[in-house]
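1. From the sequence below, what's the structure:
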Amino acid sequence: MQKFWILLGLLLSREARTRVSYLPANESDVAIALSQIINGLRPRPLAILALPSFSLMSACCENDQGIRVDDFIQRLHRLYYKSVIFNNTELFFQHIEANLQGAIECVSLILDEPKELSERIQERRLAHRLSLFIFYWGARWPPTASAMSFEEPMRAVVITRPRQKAFRIYYNQARPTSDGELRLVNWYDGDNLGLQRTPLLPPAGSVYANFEGRIFRVPVFHSPPWFWVSYGQNSSDSMTGGRDHRLLMLLAERMNFRFEYIEAPGRTQGSLKSDDAKESNESFTGGIGLLQSRMADFFLGDVGLSWERHKAIEFSFFTLADSGAFATHAPRRLNEALAIMRPFKQDIWPYLILTIVFSGPIFYGIIAMPYIWRRRHVNLDVEQLGELCIYMAYIKEITPCVLKVKRRRVPSAPRMPEQLFEKCIWFTLRLFLKQCKWIDRIWIYWK
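-> Predicted coordinates:
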């Protein structure tokens with residue numbers, strides 16, 4: 001009879017055992033352990049959901065059946081963590097949405113059973129690589145894969161308490177196979193050395209370095225030069241090449257995964273549906289619609305980024321920057337003078353010709369004007385006294401000894417440079433042809 005009860009106890013499902021919570025002997029042990037586990041993530045903003053309806057949230061329990069949230073928050077702030085605590089699920093979800101819209105990485109500690117909340121997280125599309133959800137409710141064992149599956153892109157951590165001062169950390173992305181199974185990645189022992197290893201979780205670079213033959217579904221449509229697709233009866237032979245196709249083959253060989261192409265609806269990237277849906281229920285067509293409905297794994301190609309698309313799916317960083325270039329035949333050798341004029345359009349030629357024709361004479365007029373103004377005829381033998389004109393030569397003849405006239409020196413007017421007009425015309429022509437070698441000489445004449 002005793003053996004029967006032992007076998008019956010062993011046959012109990014793990015789902016039933018997860019309902020059995022451990023009653024800690026000292027409430028501060030849980031607060032110390034949780035603060036040290038959170039610290040293993042390295043300081044980042046933390047959002048805490050503590051529902052008052054759950055017994056483990058009670059901060060006033062005196063029978064060793066609760067977690068003192070105040071004690072945990074105090075110890076967490078000693079580690080210089082920024083945290084915000086919620087007792088309303090809707091406000092907690094709004095906080096996560098605000099962080100995702102701002103592309104801010106957020107860590108959430110949920111002191112409740114993960115089953116109901118994980119479903120609501122998936123429904124509200126809060127599963128994202130920037131959001132990490134940590135569940136703790138004091139159970140001995142994590143939930144089984146048949147009872148609950150944390151599939152990608154949701155990142156979930158479940159903390160269990162198998163015995164006093166001992167905690168185990170399970171992670172759903174410890175393997176690259178996307179099976180959603182929780183794997184033991186770390187543990188905490190309060191009587192030994194604390195946290196076994198830091199950082200708390202394995203980095204994504206090491207986890208996804210080898211996908212172990214995982215098969216990805218990739219939407220594709222004809223979009224040269226990225227993908228060359230020939231549409232016919234046999235869809236398996238539709239892919240004929242393309243730059244991104246070769247890139248995907250290299251990635252598959254390097255990271256050990258396989259892929260299969262699926263035709264994007266409408267053979268487009270995807271656009272927002274025109275129905276009058278609410279903002280939270282916006283849906284897309286095409287390849288983006290397949291990603292949004294989880295019918296495809298990723299979309300590789302030249303996809304335009306917009307605010308509506310960013311809210312529906314997740315974009316990676318820019319991995320390739322294209323620079324536009326044009327290849328043409330080598331031009332024949334041109335005259336230096338024609339090389340600068342050839343690119344002009346037809347509507348530019350009249351203005352260019354008028355500018356060249358009139359710029360030379362205008363330039364000549366600007367230089368010659370001072371010389372013209374200085375050419376004034378001065379007659380030294382005639383003096384004006386009001387309306388009378390006195391000829392000094394006649395006065396000198398009749399009175400040679402009485403009148404003494406002082407001889408005045410009249411400065412000679414500057415002479416205009418020779419061939420100034422031709423030089424101005426030549427200078428403007430060379431100036432427009434970018435061959436101004438006479439500018440120094442003309443500048444000397446100007447001075």
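2. Show me the longest helix that occurs in this protein.
-> helix 349-374 (DSSP state H).
3. so how far is E119 from Y231?
-> The gap separating Y231 from E119 is 39 Å, by CB to CB, to the nearest Å. C-beta: built from backbone N, CA, C; applies to glycine.
4. If you could redo that for H77, that was the one I meant.
-> The spacing between H77 and E119, counted by CB to CB, is 32 Å.
5. show me the contacts for the closest residue in space to F421 that isn't next to it in sequence.
-> With sequence-adjacent residues excluded and distances taken as CB to CB, 6 or more residues apart in numbering, F421 is closest to Y364, at 5.0 Å. Under the criterion of CB atoms under 8 Å, 6 or more residues apart in numbering, the neighbours of Y364 are 420-421, 424-425.
6. can you rerun that using 7 Å?
-> Contact analysis of Y364 by CB atoms under 7 Å, 6 or more residues apart in numbering lists 420-421, 424.
7. what's the closest of those to N210?
-> The shortest approach to N210 among these belongs to C424, at 78.0 Å (CB to CB).
8. right, and the helix or strand after the lowest-mean-pLDDT helix or strand in the chain?
-> Sorting the helices and strands of the chain by mean pLDDT, DSSP states H and E puts helix 14-17 at the bottom, at a mean of 38. Per DSSP states H and E, the first helix or strand lying C-terminal to helix 14-17 is helix 27-39.
9. Go through that following helix and flag the buried ones.
-> Of the residues in helix 27-39, 27, 29-39 count as buried by neighbour count, 16 or more other CB atoms under 10 Å.
10. ok, back up a step: so how far is G232 from the residue nearest to F421?
-> 75 Å.
11. ok, the longest strand along the chain: who's next to it in the sheet?
-> In terms of residue count, the longest strand belonging to the chain (DSSP state E) is strand 155-163. Strand pairing for strand 155-163, using DSSP bridges, gives strand 131-136 (parallel), strand 166-171 (antiparallel).
12. who's in contact with the last one?
-> The one in question is strand 166-171. With CB under 7 Å, 6+ apart as the test, strand 166-171 has contacts from 33, 37, 142, 157-162, 182-189, 200-201.
13. Which among these count as buried?
-> Buried residues within these, counting neighbours by 16+ other CB under 10 Å: 33, 37, 142, 157-161, 182, 185-188, 200-201.
14. Considering those, which is situated nearest to F432?
-> L201 (69.5 Å).
15. pretty sure the closest one contacts L184?
-> No. Contact criterion CB atoms under 7 Å: L201 and L184 do not qualify, at 11.7 Å.
16. can you give me the helices for the stretch 251-400 of the chain?
-> Taking DSSP state H, counting those that start in this stretch, the helices of the stretch 251-400 of the chain run over residues 286-292, 307-312, 336-341, 349-374, 392-398.
17. Tell me the buried residues in the fourth one?
-> When burial is assessed from 16+ other CB under 10 Å, helix 349-374 yields the following buried residues: 359-360, 363-364, 367.
18. same check, this time on stretch 116-135
-> In terms of neighbour count (16+ other CB under 10 Å), stretch 116-135 has its buried residues at 117-118, 121, 125-128, 130-135.
19. Nearest to F72 among the residues you listed?
-> Taking CB to CB as the measure, F72 lies nearest I134 of those, at 12.7 Å.
20. low-scoring pLDDT stretches of the stretch 101-250 of the chain, where are they?
-> The model of the stretch 101-250 of the chain has pLDDT under 70 over residues 233-237.
21. same thing but 50
-> The model of the stretch 101-250 of the chain has pLDDT under 50 over residues 235-236.
22. need the helices for it, in chain order.
-> Counting by DSSP H, counting those that start in this stretch, the helices of the stretch 101-250 of the chain are 114-123, 204-207, 243-255.
23. sorry, back to before: mind listing residues that contact the longest strand of the chain?
-> Contacts to strand 155-163, defined as CB under 7 Å, 6+ apart, come from residues 22, 37, 114, 118, 129, 131-136, 138-142, 150, 167-173, 182.
24. before we move on, back to that, which one of the buried residues of stretch 116-135 is nearest F317?
-> Looking across these and measuring by CB to CB, the closest to F317 is L130, at 12.7 Å.
25. care to break this protein down by domain?
-> Per automatic domain parsing, the structural domains of the chain span 15-207, 214-312, 339-446.
26. Throw the buried residues of helix 27-39 into TSV and include pLDDT and distance to Y208, thanks.
-> Formatted as TSV, the buried residues of helix 27-39 follow (pLDDT from 0 to 100; distance: CB to CB, whole Å):
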residue	pLDDT	distance to Y208
E27	50	39
D29	82	35
V30	85	33
A31	85	34
I32	87	33
A33	89	29
L34	88	28
S35	88	30
Q36	89	27
I37	90	24
I38	89	24
N39	88	25
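27. would CSV of those with distance to P52 be doable?
-> Converted to CSV, those look like this (distance: CB to CB, whole Å):
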residue, distance to P52
E27, 17
D29, 22
V30, 18
A31, 18
I32, 23
A33, 22
L34, 18
S35, 21
Q36, 26
I37, 23
I38, 22
N39, 26
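28. quick one: the longest strand of the chain to helix 27-39, angle?
-> Going by axes from the mean of the first three to the mean of the last three CA atoms, to 10 degrees, strand 155-163 is angled at 150 degrees with respect to helix 27-39.
29. What about P114, how many residues nearby?
-> Neighbour count for P114, taken as other CB atoms under 10 Å: 24.
30. Once you drop chain neighbours, what's closest to Y136?
-> I159 (4.3 Å).
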